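> Pasting the sequence and the predicted coordinates here, then a few questions.
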Amino acid sequence: MKKIILLLKKYIPNELYDSLVVFYVNKRTVFNENRLKNKIISFHKNSKDEEILPIVDFLKNNKLEVFPYPFAKKYNKETITVFENEENKLKYVLHQGKKLYFKRSMSIAHIKSLYQGLLFDQDENSPHLYLTETFQLNENDVVADIGSAEGNFSLSNVEKVKKIYLFESDIEWIEALEETFKPWKEKVEIINYFVTDYDSSSTISIKTFYENHDKITFFKVDIEGEEQNFLNSCKPVFEIEKNIKMAICTYHKQNDEHDFNQQLTQLGFDVEKSKGYMIFMHDQNLSAPYLRRGLLRAFKS
């Protein structure tokens, strides 16, 4: 089919060709997702695990989802309203009554889809939920939001804590973050660096950051598969410091949950797994058992 579409480009109008490309991509995506869904069902069909059984039941009756649970159906992106700042033309949504801004290059449709995903992420039943009733922030916490992107986590908690450092390497997000956190600029600092285990013109390690900044008491870490390098850079700090809390994502790579749990335990942290699983279908190397924990919550007193 792909060869046919490419051949048709010579003979049909561009608009019709573009529509065919979209049709082909969508059809191919659905095919791949259905194939993956069937693999997951087949692999876990005889499971007795009470956390996995509801996922299998969900997949039998629904399309493949990153969050394979009924709660995802609560959020309809068509009900999301996107506003525009009249002065700077940046678009935003109202997040818990506060303005959450987005990249200037994003369309309204893109913003709606992204914000819908953020609502999935932090639903009370989500495997990707950072905070719980027993794992919370307080007024003395200094937060490092590492991989902040649009900053929804920090915006939700900005009034609860002492200070927030927003680490975001994508320069397109910086303008939006500055606008979002303008009302709290005295307690929010935006760091346009990627956090990893070495220092350069665009990267920084936590060990280096600690040399010139306040001690961090809460780490929220979601850096697209670089979490292991983050932990490596933090080892000298975590071996000394106490009273640290951390929510670190474990869904990007197959062994993250096991490896991070082991490493954090060795560093003196008490570790708790988030409830439920995610299907990170964006990972080209996704393989059995296919289901991954969203994150670990860790505490060192």
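Looks like it arrived, so ask away. Numbers count the residues shown, from 1 in each chain.
> contacting residues around the helix or strand harbouring D259?
According to DSSP states H and E, D259 maps onto helix 256-266. Here helix 256-266 makes contact (Cβ atoms under 8 Å, 6 or more residues apart in numbering) with 227-228, 231, 246, 248-250, 271, 273, 292-293, 296, 298. C-beta coordinates here come from the backbone N, C-alpha and C atoms, glycine included.
> Buried residues, stretch 35-53. List them.
L36, K37, I40, F43, H44, I52 (16 or more other Cβ atoms under 10 Å).
> doesn't Y290 make contact with the fourth one?
Yes - under the contact definition of Cβ atoms under 8 Å, F43 touches Y290, with a separation of 6.5 Å.
> one step back: got the buried residues of stretch 35-53 as CSV, with secondary structure columns?
Shown next, in CSV, are the buried residues of stretch 35-53 (DSSP: H, G, I helix; E, B strand; the rest coil):
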residue, secondary structure
L36, helix
K37, helix
I40, helix
F43, helix
H44, helix
I52, coil
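> quick one: the strands in the stretch 51-200 of the chain?
83-84, 91-95, 98-101, 142-146, 163-167, 188-191, 194-195 (DSSP state E, counting those that start in this stretch).
> Save those as JSON lines, and put in mean neighbour count, mean pLDDT and distance to N62 too.
As requested, these are arranged in JSON lines below (neighbours: other Cβ atoms under 10 Å; pLDDT from 0 to 100; distance: least, Cβ to Cβ, whole Å):
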{"stretch": "strand 83-84", "mean neighbour count": "12", "mean pLDDT": "98", "distance to N62": "32"}
{"stretch": "strand 91-95", "mean neighbour count": "18", "mean pLDDT": "98", "distance to N62": "26"}
{"stretch": "strand 98-101", "mean neighbour count": "21", "mean pLDDT": "98", "distance to N62": "29"}
{"stretch": "strand 142-146", "mean neighbour count": "24", "mean pLDDT": "97", "distance to N62": "32"}
{"stretch": "strand 163-167", "mean neighbour count": "23", "mean pLDDT": "97", "distance to N62": "35"}
{"stretch": "strand 188-191", "mean neighbour count": "19", "mean pLDDT": "97", "distance to N62": "39"}
{"stretch": "strand 194-195", "mean neighbour count": "22", "mean pLDDT": "92", "distance to N62": "36"}
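> Of these, give the one that comes closest to F120.
Closest of the strands of the stretch 51-200 of the chain to F120 is strand 91-95, at 13.9 Å (criterion: Cβ to Cβ).
> Can you name the element that comes right after the helix or strand hosting F219?
Taking DSSP H and E as the criterion, F219 maps to strand 218-221. Going down the chain from strand 218-221, the next helix or strand is helix 227-238, by DSSP H and E.
> what angle separates that following helix from helix 256-266?
Here the directions of helix 227-238 and helix 256-266 differ by 10 degrees (axes from the mean of the first three to the mean of the last three Cα atoms, to 10 degrees).
> what pLDDT, on average, does helix 227-238 get?
Here helix 227-238 scores 90 as its mean pLDDT.
> tell me which strands and helices it is in contact with?
helix 206-210, strand 244-249, helix 256-266 (3 or more Cβ pairs under 8 Å, 6 or more residues apart in numbering; DSSP states H and E).
> And the longest one, how far out from the chain middle?
Same thing as helix 256-266. Centroid displacement of helix 256-266 relative to its chain, using Cα atoms, centre = their mean, to the nearest Å, is 19 Å.
> List the buried residues of the next helix-or-strand element following that helix.
Note on helix 256-266: by DSSP H and E, the next helix or strand toward the C-terminus is strand 270-273. Within strand 270-273, the residues scored as buried using 16+ other Cβ under 10 Å are V271, E272.
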